[in-house]
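# Provide a 3D model corresponding to the input given below.
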Amino acid sequence: MKKLIYILSVCAIVALIVVVLILNKKSTAEKTRMVMEASTEVAVKMIAVTDTAYSMGFTSNGVLQALRDLQFMSDVSGRVIGVYADEGSRVGKGKVLVQLDNEMLRADVVSSEAAYNGLKKDYERFKNANVQGGVSDQQLDNIRTQMIAAESRLITSKKHLADASIKSPITGSIYRRYVEVGSYVNLGAKLFDIIDDSQLKAMCFATEKQRLNLTVGQSVTVKSETFPDKIFQGEITFISDKADRSLNFPIEVTLTGDKQDLKSGMFVTVLFNIGAMKNGILIPRNAIVGSVQAANVFVVKNGTAKKQKVVAGDMVGEQIEILQGLQPADSVIVAGLINVTDGVKVKNIQ
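Numbers count the residues shown, from 1 in each chain. Predicted coordinates for the structure are as follows:
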C-alpha cells in the first residue's frame, strides 16, 4: 500500500513538472514572437503632411561682374617711350595711357601737309588758268586728283600720329598692366585690363517655373556673405529666352542704389519674389527618394511603408514643393530611409 502511494506521488510530481515546462515553453515562444516582430520594424521619423501657405520667393547665387571688363589691345605698333598709368590707377575716357615713339610719324605729317598745301595752291592756279583758257579741263582734273590724294595721305598721317598716343577707351580702373617703357608693341598686343565698376551686375539662374514669375525691371534683394548685416537692392535687367544645358534660364540683376564696398568677383545671393505667397504641400528635401525629376516618397499606412510616386516642384528653402501624389494628413518618412523598402513594417521615433 505504501509502495503504491509512493508511486502515485512520484507520478503526480512528474506530471506537475511536465505541465510547468509546457506552460513555460508557450510563454517563451510568445515572448520570442513579440521580440521578433518588434525587431522587424524599422525605426523611422515621420511627419504629417499639411497644406500650408508659403512664400514663392526663391534664391539664386551669382558672382558680381563689372558693367564693362575690357582687355585693351593696341591697334598700332611702335616703341614705347612713356607709360602714364599703373595697376590700380583710376583713368577717364580719353586719358593718354601709353606714348609710342612718334618722331617719324610727326615728320610724315609735316611732309604730307607740305605736299597737300603745294598741290592745293597749284589747283587754285590751274583753276584760274582754266577759266582764261590757258589750262585744259583734263589738266585741271589731274591736279585736282593729285590734291585729293595728298589730302587723304595727310589725314592718314595725322591719324597715325594721334594713334601713337594710346588713350583709354572707357572710364574705369586698371587692374592689370602688360606694357613697359622701352618695349615694342605690335598690332593687337595686350596693353591693359580695364574695369568699369560704376555699375555691378550678377548673372543668376532660374528654373522654367520660376522664370514665369519674373519680369524685367522687377526689384530684388541682394545679400553678400562678406557683409552679412547689409542688404543691397537691385533690379532684373535681362531674362534669357533660352535655357542652358541644365534647363535653367540666365537672369541678369543690376545693383541699384549704394553698392558700398561690393566689388566685382564677389559672391552674392539674390532673393526673388519675397512678398508673393502660395498654398500647397511642402516636405523636407531629404524625404525624396531618387531624383527630383523622378521623385518618390514613402507613405506610412497602418504601420507599413508604401512607396509613392510624387511630382516635385520648386525648392523653398530646405523644403520642396509637392504638386501631385500627396494629400494633407498623409504620413511621410523623412529620416531613416536607408533601411526602408516598399512594404516593410516601420515604427515612428521622435
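
# give me the neighbour count for residue 139.
13 (other CB atoms under 10 Å). (C-beta placed from N, C-alpha, C; glycine too.)

# quick check: phi and psi at it.
Main-chain torsions, residue 139, degrees, to the nearest 10: phi -60, psi -40.

# and it, what's its pLDDT?
Listed pLDDT for residue 139 reads 84.

# what's the burial count for the closest residue to it other than its chain neighbours?
Among residues not flanking residue 139 along the chain, residue 126 sits closest, at 6.3 Å (CB to CB, 6 or more residues apart in numbering). Applying other CB under 10 Å, we find 20 residues neighbouring residue 126.

# surely residue 126 is within a strand?
No. Applying DSSP: H, G, I helix; E, B strand; the rest coil, one finds residue 126 to be helix, outside a strand.

# pull the contacting residues for residue 186.
Residue 186 makes contacts with 74, 77, as judged by CB atoms under 8 Å, 6 or more residues apart in numbering.

# quick one, phi/psi of it?
Torsion angles, degrees, to the nearest 10, at residue 186: phi -100, psi 170.

# close enough to count as contact, the residue nearest to residue 139 and residue 138?
No. Using CB atoms under 8 Å, residue 126 makes no contact with residue 138, being 10.8 Å away.

# and the gap between the residue nearest to residue 139 and residue 153?
To residue 153, residue 126 is 20 Å away according to CB to CB, to the nearest Å.

# residue 155 is in contact with residue 109, correct?
No. At 10.1 Å, residue 109 does not count as touching residue 155 under the criterion of CB under 8 Å.

# neighbour count winner among the two?
Neighbours were counted for residue 109 and for residue 155 using other CB under 10 Å; residue 109 has more, 20 against 12.

# burial count for residue 42?
Residue 42: 17 neighbours (other CB under 10 Å).

# just residue 61 next, same as before
If you count neighbours by other CB under 10 Å, residue 61 ends up with 11.

# quick check: beta-bridge partners of it?
When bridges are called by DSSP bridges, residue 61 pairs up with residue 269.

# and residue 274, what pLDDT?
Reported pLDDT for residue 274: 62.

# next: the one 4 residues further on.
Per-residue confidence at residue 278 stands at 80 (pLDDT).

# doesn't residue 58 make contact with it?
No. Distance between residue 278 and residue 58: 11.6 Å, which falls outside the contact criterion (CB under 8 Å).

# so those two - more neighbours on which side?
With neighbours defined as other CB under 10 Å, residue 278 and residue 58 compare such that residue 58 has more, 19 against 14.

# any idea which element the nearest residue to residue 232 once chain neighbours are set aside lies in?
Nearest non-adjacent residue to residue 232, counting by CB to CB, 6+ apart: residue 222, 4.2 Å away. Element membership of residue 222, judged by DSSP states H and E, is strand 219-224.
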